[in-house]
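K.L.:
need coordinates for the following:
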Amino acid sequence: MIVRYYCTYFDQNYVPRALVLLASMFDHCKPFRLYMLCLDDATIEIVRKLDHAEVVPVRLADLEAADPELAAAKPSRSMIEYYFTLTSAWPRHLLRRHSEIDFLTYIDSDMCFFSSPEPVFAGIGSASVAITPHRWSQENLELARYGKYNVGWLGFRRDEPGMACLDWYRERCIEWCYDRLEGDRFADQKYLERFAELFPNVVEVPHKGVNVATYNVNGYQITERDGGIMVDDVPLVCYHFHRVREVGPGAFRYSLDGAAADDDGVLCRVVYAGYISRLMAMVEKLRPLFPEAQLSGSVRDSSARTTWEYRPGGWVDGDPTLTGWDVDSVVSARRGDWPSVMAPLLSSAPFGEGHDHNNAMSFAYALGFAARGRERLSVLDWGGALGAYYMTACALYPDLSLEYCCREVPLMAAAGRELNPEVRFVATDEEALGKRYDFVLASSVIQYDRDWRGLIARLAQATAGYLFVTRTPILEQAPSFVVVQRVPAYGAAYQSWFVNRDELQEAYAAAGLELVREFSVLESFPVPGAPETGQARGFLLRRQD
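P.N.:
Sure thing, here's the model as predicted:
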């Protein structure tokens, strides 16, 4: 039989997923060889201990040593953007180094095989390059601007067109590979749309059973037949579990909507439940080697855990390690999150899970309370990033006319004007505070102001009705203190207050505001060495006059 060659990459947070992928390949893909690019030391140690003849672990440092141009791009990218850059460089490296590889298939590490891929390779035939369409379902067509093709399954042959295409792909990704939509570019993905235009012998993978995922599954009938899973009339070959998250002990979010979300359907009952069972078993199997194994992360945050540092000395000015919010990497990260922000708003899915849904419902209550009896509402969203709350408000209250202004730092405001032209974005306090608004929103914002009490006073003056301060870390006992929040996903670090409840009450009372209702946002922020854990709270306030 023909040996099939595959490659993937992952870090320690995706080890359980990658090993479930490997187990599924032993079930359905033999004979094969899988090259695993291990993105940190913990991962390479775990993979080496597997000692499977079919698996070839490679350290990221070895790839970077062999490709210095790739390594040189690293400082200019966030971690996830650098990972995206690897998608082209990694298979090119293997094809250049291993003459025995005739055709190499790249697969994302959160794939899982359900049947033999041989029908897929039969459909690819002698093509030099194989790319997989998203095959967007109707309710996801809005997301098609992020790419006709998905990078979850790519194939390259060792021939002149295949290598020329892969060289071009790597060059473009090293040149520009950012987690945002910019013209005809988005991360490593939209470059695929140029392949057939620039190179001969490029095919779309014709098999519908490849790369089935949340973005296309509602376009298919998923059934059981003769012990297997069918996608319409063909076998399910591999499913892309790219949005599976553990949101509590034994509780998982699938991010499905529409017919696909039916708990009694084959998709949830067999495909997802079976995958979750394998993931949880793998985590337990890994415990002796890797106690930190977990399933709550995503590709975008798996290597980007927020860390906190307690600063007993208080707020410090002039710290060169603190970037603040007005930096390109923050804007890039928020742009990259935009599709996942928009997805639930364009469907009947929950507004996120856990604290995300709780926060959305708290906002729904506050906005609805302020809008009682009104057909039109003026809103100031202080620190509202790209205007996600505006989109949420439109989804919640489609008949409410909104005059919406968002105060942001200059870089974020510029990006917001592009993504959300219906919102007025301003980048100075003078522009934002030149009038009064019916409703002022300050979500996850007052804690980042050195003078948070002064900010509450200014926002109180800006509202003619209500101020909603939410997602603020509140302390019940300890006096307010300062922490440093470092967010690798944003490539940023900044100071933040954890605010004592009594001090907050004194501040809003002094500003002429009274409490209408308090909200629990279900987020907590433990900080090593800090005297108390902050609990995220929301406060709907109104002017007393």
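K.L.:
for the rest of this, base every contact and every neighbour count on C-alpha atoms.
P.N.:
Will do.
K.L.:
residues near F241, how many?
P.N.:
The number of residues packed near F241 is 23, by other CA atoms under 10 Å.
K.L.:
and what of A415?
P.N.:
18.
K.L.:
equivalent analysis for S340, please.
P.N.:
For S340, the count of nearby residues is 14 (other CA under 10 Å).
K.L.:
ok, and for the strand or helix carrying it, which residues are buried?
P.N.:
Element membership for S340, per DSSP states H and E: helix 328-345. For helix 328-345, burial by neighbour count (16 or more other CA atoms under 10 Å) applies to 329-336, 338, 341-345.
K.L.:
before we move on, what about stretch 23-38?
P.N.:
By neighbour count on 16+ other CA under 10 Å, the buried set for stretch 23-38 is A23, S24, M25, H28, C29, F32, R33, L34, Y35, M36, L37, C38.
K.L.:
OK, contacts around L37?
P.N.:
L37 makes contacts with C7, T8, Y9, F10, P57, V58, R59, L60, W90, as judged by CA atoms under 8 Å, 6 or more residues apart in numbering.
K.L.:
how about the contacts made by the fifth one?
P.N.:
When contacts are counted by CA under 8 Å, 6+ apart, P57 touches Y35, M36, L37, C38, I44, V47, R48.
K.L.:
before we move on, what about V423?
P.N.:
G387, Y390, E403, Y404, C405, C406, R417.
K.L.:
and the two most separated of those?
P.N.:
E403 and R417 (14.7 Å; CA to CA).
K.L.:
show me how far the helix or strand just after the helix holding S340 is from its chain's centre.
P.N.:
Downstream of helix 328-345, the first helix or strand assigned by DSSP H and E is helix 355-370. Between the centre of helix 355-370 and the centre of its chain there are 22 Å (CA atoms, centre = their mean, to the nearest Å).
K.L.:
helices and strands around the next helix or strand after helix 355-370, which ones?
P.N.:
Counting by DSSP H and E, the element after helix 355-370 in chain order, helix or strand, is strand 376-382. If contacts are counted by 3 or more CA pairs under 8 Å, 6 or more residues apart in numbering; DSSP states H and E, strand 376-382 sits against strand 401-407, strand 437-443.
K.L.:
output the contacting helices and strands for the helix or strand just after strand 376-382.
P.N.:
The helix or strand immediately downstream of strand 376-382 is helix 388-396, counting by DSSP H and E. Counting contacts by 3+ CA pairs under 8 Å, 6+ apart, helix 388-396 is packed against helix 328-345, helix 355-370.
K.L.:
just the angle between the first one and helix 388-396, please?
P.N.:
Angle between the axes of helix 328-345 and helix 388-396 is 10 degrees (criterion: axes from the mean of the first three to the mean of the last three CA atoms, to 10 degrees).
K.L.:
what's the average pLDDT for helix 328-345?
P.N.:
Regarding helix 328-345, the rounded mean pLDDT is 80.
K.L.:
who touches it?
P.N.:
77-78, 140, 143, 178-181, 350-352, 385-386, 388, 391-392, 395, 411-412, 415, 489-492.
K.L.:
please apply the same query to stretch 203-217.
P.N.:
Contacts for stretch 203-217 (CA under 8 Å, 6+ apart): 111, 119-120, 123-124, 127-137, 140, 152-153, 196, 230-231, 234-243, 255-256, 260.
K.L.:
list only buried entries from those residues.
P.N.:
Buried residues within the contacts of stretch 203-217, defined by neighbour count using 16+ other CA under 10 Å: 111, 119-120, 124, 127-137, 140, 152-153, 196, 230-231, 235-243, 255-256, 260.
K.L.:
can you tell me which of those residues are in helices?
P.N.:
Members of the buried ones among the contacts of stretch 203-217 lying in helices (criterion: DSSP state H): P119, V120, I124, A196.
K.L.:
which pair of those residues spans the longest distance?
P.N.:
It's P119 and A196 that sit farthest apart of those, by CA to CA, at 22.3 Å.
K.L.:
what sits closest to R157 if chain neighbours are left out?
P.N.:
F103 (4.2 Å; CA to CA, 6 or more residues apart in numbering).
K.L.:
ok, that neighbour to P57 distance?
P.N.:
From F103 across to P57, the span is 19 Å (CA to CA, to the nearest Å).
K.L.:
where in the stretch 301-450 of the chain is pLDDT low?
P.N.:
Counting by pLDDT under 70, the stretch 301-450 of the chain contains low-confidence ranges at 301-305, 353.
K.L.:
what separates F369 from L541, distance-wise?
P.N.:
11 Å.
K.L.:
and these two? Which one has more around it.
P.N.:
L541 (24 against 14).
K.L.:
look at the more buried one and give its secondary structure.
P.N.:
Classification of L541 using DSSP: H, G, I helix; E, B strand; the rest coil returns strand.
K.L.:
quick one: it and F519 touch, right?
P.N.:
No: contact between L541 and F519 fails when scored by CA atoms under 8 Å: they sit 11.5 Å apart.
K.L.:
need the contacts of P57 in a markdown table (columns: pLDDT and secondary structure).
P.N.:
Shown next, in a markdown table, are the contacts of P57 (pLDDT from 0 to 100; DSSP: H, G, I helix; E, B strand; the rest coil):
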| residue | pLDDT | secondary structure |
| --- | --- | --- |
| Y35 | 98 | strand |
| M36 | 98 | strand |
| L37 | 98 | strand |
| C38 | 96 | strand |
| I44 | 93 | helix |
| V47 | 93 | helix |
| R48 | 93 | helix |
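K.L.:
looking at these, which is nearest L513?
P.N.:
Nearest to L513 among the contacts of P57, with distances taken as CA to CA, is C38, at 54.0 Å.
K.L.:
any idea how far that closest one is from I44?
P.N.:
Using CA to CA, C38 is found at 5 Å from I44.
K.L.:
now F468
P.N.:
Distance from F468 to I44, by CA to CA: 47 Å.
K.L.:
list the contacts of R4.
P.N.:
C29, K30, P31, F32, R33, F103, L104 are the contacts of R4 under CA under 8 Å, 6+ apart.
K.L.:
which pLDDT value belongs to the nearest residue to V202 once chain neighbours are set aside?
P.N.:
Leaving aside its sequence neighbours, V202 sits nearest to V129 (CA to CA, 6+ apart; 4.7 Å). We have a pLDDT of 98 for V129.
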